[in-house]
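# Predicted coordinates and the sequence they were generated for:
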Number of protein chains: 2
Amino acid sequence: MKSYTQMSRAELQQEYAAAQSAYQTLKAKGLKLNMARGKPGKEQLDMVTDICNILIKPEDFMADGIETRNYGEVTGIPAAKALFAEILDCRPEQCFVGGNSSLQLMYDAISKAYTHGLLHSEKPWGKLDSVKWLCPAPGYDRHFKVTESFGMQLITVPMTADGPDMDVVEELIKDPSVKGMWNVPKYSNPLGLIYSDETIRRLSAMKPAAPDFMLMWDNAYIIHEFEGDFVPFPDILSLCEANGNADMVYEFASTSKVTFPGAGVAVMATSCANMEYLKKLINIQIIGFDKINQLRHVRYLKDKTHTLELMKRHAAILRPKFEVVLEALDKEIAPLGIASWNRPKGGYFIALDAMHGTAKRTLALCKEAGVVMTGAGATFPYGVDPNDSNIRIAPTLPPVEELREAVAVFCICLRLSALEKLMVE
Amino acid sequence: MKSYTQMSRAELQQEYAAAQSAYQTLKAKGLKLNMARGKPGKEQLDMVTDICNILIKPEDFMADGIETRNYGEVTGIPAAKALFAEILDCRPEQCFVGGNSSLQLMYDAISKAYTHGLLHSEKPWGKLDSVKWLCPAPGYDRHFKVTESFGMQLITVPMTADGPDMDVVEELIKDPSVKGMWNVPKYSNPLGLIYSDETIRRLSAMKPAAPDFMLMWDNAYIIHEFEGDFVPFPDILSLCEANGNADMVYEFASTSKVTFPGAGVAVMATSCANMEYLKKLINIQIIGFDKINQLRHVRYLKDKTHTLELMKRHAAILRPKFEVVLEALDKEIAPLGIASWNRPKGGYFIALDAMHGTAKRTLALCKEAGVVMTGAGATFPYGVDPNDSNIRIAPTLPPVEELREAVAVFCICLRLSALEKLMVE
């Protein structure tokens, strides 16, 4: 195979005709495949369904003297705090164990900044004329949408191989209206990279002009290696504390990709001072989250070691799916010089950079052929990728056989959109 | 027994000495009893624990083609909407089935009014100088605290035997800064009364000056008769719709006192226009609530008829507890002319009006003797009962034998505080 950029016009036209023909054949299959969201597959769900067979008899529901079947314990049951503290490498009293969604905990923390203000806020953000927020991009679309929904001005921070460009970040936080920053520090969504120690150090040592700056630390994939052993990760809470920034950081995690997406347990970890402040506000909002599901998770996951063993079993299901995608890209696309992509060892995504100006067209072609992908631009603030290049591939939901078909379609669509572009140039 | 108000000073002193002696005897027992919150008792929890033995095998988790173990369905699974619609007598598409807490759904609806505005809001309430809210009192302390937490001005509306005084309400809503009103329309907390048809009609036909007025309809006890058969109750949504007020009403309910408090399922019912508007906002906040628990409830409760049968079994446990309290009050307190109380047929509370100026003292004495009650004043906005008279009795949590002891303490404390007051007059 020859790189498209080195092809003559005649060669491009020939290649286009071949690709078109292949595309029409695939399209005729009437496929219905989905590589859009980071959802675990059925095999993973079946593997953990035992968790529903743990709490059965009335006496099963007592946790350290707490009746999980009745009201109370707004910050979560102690056993759940201890489990998450071990996983996050922080202290149990820093853990607020909530409901089924870490996104909800993030949203609510920001919402309370707007309605009530945070511990160090001068006033509720709802009373401010302008609130700005740092968005390392490509990043997680749902993060960006939360801050967009509150009417904040989203500022894109470029990503480097070490995480967000810290020179840019350290300059931007001099503006007191910059109130926070999104982070997925381990196997970042969608780039799959791990923030370097130096990036993490600089983040924990930042001195933002805003006294109530929120360093949002979404550790969604902290134990989500699908290749190799668990990679230890620094505890951001103690790093911030050591740098005099104890109240700056809010860390989040969940069991959405450990047990059940949408029926797991989520945690927010933050300083004890923030916890005291927020606990009072949250206790007005809710009497307590679902303690039965918290206890179910504690009994099922037991401790960090046992949880990591379970994650190895998830990895065994996930790894072949990532391999299918990477093998196809290596074989079909690499020689053509029309895209580059990462090779993550954990997380739920592969991020691909297509030829500039072809991402939207590629995904439109995919959709036409029955393959749904994350919308182009979704990984950037306001859903706009300035280069129309980044594509997030989510290979975890389909069974391997379907995935193979979906990736074949995707590769053809990448080729077609690149050829279309090259042919008009 | 003679009414205290007819006693001479000497008789009062003699009675006080006798009551003091009885109080000291009870106090010496070192009791630890709780009549503070509307919590179901252990017998009720044990009775419904079967619900945890329904979804076990992987194939159990499919609901109308929806995989409840994976992400999605932000407004809830259709089967759960259908169940709540039947119970509330509204339409499934009007039901948003959420997490474990109706209080959270109420809080979040109000929070979104502040951060984003509602469908008919001119601007987010956070941008307004003043927001006022109507609080029929005595009422539910957690309701009042939600609106207080947002910094609203709470306006007390007197309760009549038919519900809130509608002449007062209709006058107050002429103020465009009056943005909403709390209601517990059936077995109201704590009065246990049912709003009359005429009150409900007038509420549904109100024409508030605020275009985004929220008629908060917390139907927490809609199927919670503990005496007699289920009492049918009008559907507020269709009444409001018939009066051109479709988007004014937000109804709430939950299974907190049907299955598990804190691990049940909550619903918000509102117009389809409100639903469309709020769904978009909520979908930014959360990918979806716990659908497994929703399905578990659907399979367990089945339909309204079957749910009402379960409520009869709850009633059989609850009725004797209410009888213990009422019998003690009838015997020990009624002849003394120092308090009056209601005789509800449903709900979780008995509301007692003690001699003015004695509620706080009564509850302080109770506490000293090891009996915790809902704080005096809690049933009024800002926690201040202008008469220091209303006491909420929550008899549902303790076993009958403990309850007997707790009520004995309470009666003695009522007597002591009344005597103290009469003796200084």
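Cool, the structure landed. Numbering: from 1, shown residues only, chains lettered A, B, ... in the order given.
# And the residue of chain A found nearest chain B, how far from residue A:271?
Across chain A, the shortest distance to chain B (CB to the nearest CB) belongs to residue A:126, at 3.2 Å. From N, CA and C alone the C-beta is placed, and that goes for glycine too. Here residue A:126 is placed at a distance of 23 Å from residue A:271 (CB to CB, to the nearest Å).
# Setting aside sequence neighbours, what's the nearest residue to the residue nearest in space to the middle of chain A?
In chain A, the residue lying closest to the centroid (CA atoms, centre = their mean) is residue A:189, at 4.2 Å. In this structure, residue A:189 finds its nearest non-sequential neighbour in residue A:140, 4.2 Å apart by CB to CB, 6 or more residues apart in numbering or on different chains.
# List, one by one, the residues from the stretch 151-300 of chain A near chain B.
Residues of the stretch 151-300 of chain A found near chain B (CB under 8 Å from any CB of the partner chain) are A:256, A:260-263, A:281, A:284-293.
# List the residues that contact residue A:308.
Shown in contact with residue A:308 (CB atoms under 8 Å, 6 or more residues apart in numbering or on different chains): A:223, A:230.
# For the stretch 301-425 of chain A, which segments count as helices?
Using DSSP state H, counting those that start in this stretch, the helices of the stretch 301-425 of chain A run over residues A:304-328, A:359-368, A:400-424.
# Output the ones you listed in a markdown table, with mean pLDDT appended to each entry.
Output for the helices of the stretch 301-425 of chain A, formatted as a markdown table (pLDDT from 0 to 100):
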| stretch | mean pLDDT |
| --- | --- |
| helix A:304-328 | 98 |
| helix A:359-368 | 98 |
| helix A:400-424 | 97 |
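# ok, back up a step: do I have it right that the residue of chain A closest to chain B meets residue A:116?
No - Residue A:126 is beyond contact range of residue A:116, at 9.1 Å (criterion: CB atoms under 8 Å).
# can you list the domains in chain A?
Domain assignment of chain A by automatic domain parsing yields the ranges A:4-45+A:308-424, A:57-307.
# Run a quick neighbour tally on residue A:372.
16 (other CB atoms under 10 Å in any protein chain shown).
# gap between it and residue A:233?
For residue A:372, the distance to residue A:233 - CB to CB - is 32 Å.
# tell me the SS of residue A:123?
Classification of residue A:123 by DSSP: H, G, I helix; E, B strand; the rest coil places it in coil.
# which residues touch it?
Neighbours of residue A:123 in contact, by CB under 8 Å, 6+ apart: residue A:117.
# burial count for the nearest residue to residue A:78 once chain neighbours are set aside?
In this structure, residue A:78 finds its nearest non-sequential neighbour in residue A:64, 5.4 Å apart by CB to CB, 6+ apart. Other residues near residue A:64 come to 11 when the count uses other CB under 10 Å.
# go on, residue A:243?
16.
# In this structure it contacts residue A:204, no?
Yes - assessed by CB under 8 Å, residue A:243 is found in contact with residue A:204 at 5.1 Å.
# residue contacts, residue A:392?
Residues near residue A:392 by CB under 8 Å, 6+ apart: A:138, A:189, A:190, A:349, A:350, A:351, A:352, A:373, A:374, A:378, A:379.
# scratch that, residue A:155 is what I was asking about
Residue A:155 neighbours (CB under 8 Å, 6+ apart): A:132, A:133, A:134, A:135, A:172, A:178, A:381.
# try residue A:140
A:182, A:184, A:189, A:190, A:218, A:379.
# Go through those and flag which are in strands.
Secondary structure from DSSP state E places A:182, A:218 of the contacts of residue A:140 in strands.
# could I get the contacts of residue A:140 as TSV with distance to residue A:385 and pLDDT?
As requested, the contacts of residue A:140 are exported to TSV (distance: CB to CB, whole Å; pLDDT from 0 to 100):
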residue	distance to residue A:385	pLDDT
A:182	16	98
A:184	18	98
A:189	15	92
A:190	12	94
A:218	21	98
A:379	7	96
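# of all the contacts of residue A:140, which two lie farthest apart?
A:218 and A:379 (14.4 Å; CB to CB).
# what's the following helix or strand after the lowest-mean-pLDDT helix or strand in chain A?
Here the helix or strand of chain A ranked lowest by mean pLDDT, DSSP states H and E is strand A:33-35, holding a mean of 92. Proceeding N to C from strand A:33-35, the next assigned helix or strand is helix A:42-48, under DSSP states H and E.
# contact partners of that next one?
With CB under 8 Å, 6+ apart, helix A:42-48 has contacts from A:258-260, A:300, A:310, A:313-314, A:317-318, A:396, A:399, B:58, B:61, B:67, B:69-70.
# Which neighbouring elements make contact with the next helix or strand after it?
Using DSSP H and E, the helix or strand that follows helix A:42-48 in sequence is strand A:62-63. The contact analysis (3 or more CB pairs under 8 Å, 6 or more residues apart in numbering or on different chains; DSSP states H and E) places strand A:62-63 against helix A:291-301.
# Could you pull out the buried residues of the helix it packs on?
A:291, A:292, A:293, A:294, A:295, A:296, A:297, A:298, A:300, A:301 (16 or more other CB atoms under 10 Å in any protein chain shown).
# Could I get those in a markdown table, plus columns for pLDDT?
Output for those, formatted as a markdown table (pLDDT from 0 to 100):
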| residue | pLDDT |
| --- | --- |
| A:291 | 98 |
| A:292 | 98 |
| A:293 | 98 |
| A:294 | 98 |
| A:295 | 98 |
| A:296 | 98 |
| A:297 | 98 |
| A:298 | 98 |
| A:300 | 98 |
| A:301 | 98 |
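# could these go into a markdown table alongside distance to residue A:342?
Listed next are these as a markdown table, based on distance: CB to CB, whole Å:
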| residue | distance to residue A:342 |
| --- | --- |
| A:291 | 39 |
| A:292 | 39 |
| A:293 | 34 |
| A:294 | 35 |
| A:295 | 38 |
| A:296 | 35 |
| A:297 | 31 |
| A:298 | 35 |
| A:300 | 32 |
| A:301 | 29 |
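# closest to residue B:367 among these?
residue A:291 (26.6 Å).
# Identify the residue nearest the closest one in space, chain neighbours excluded?
Counting by CB to CB, 6+ apart, residue A:291 lies nearest to residue A:68, which is 3.9 Å off, once chain neighbours are set aside.
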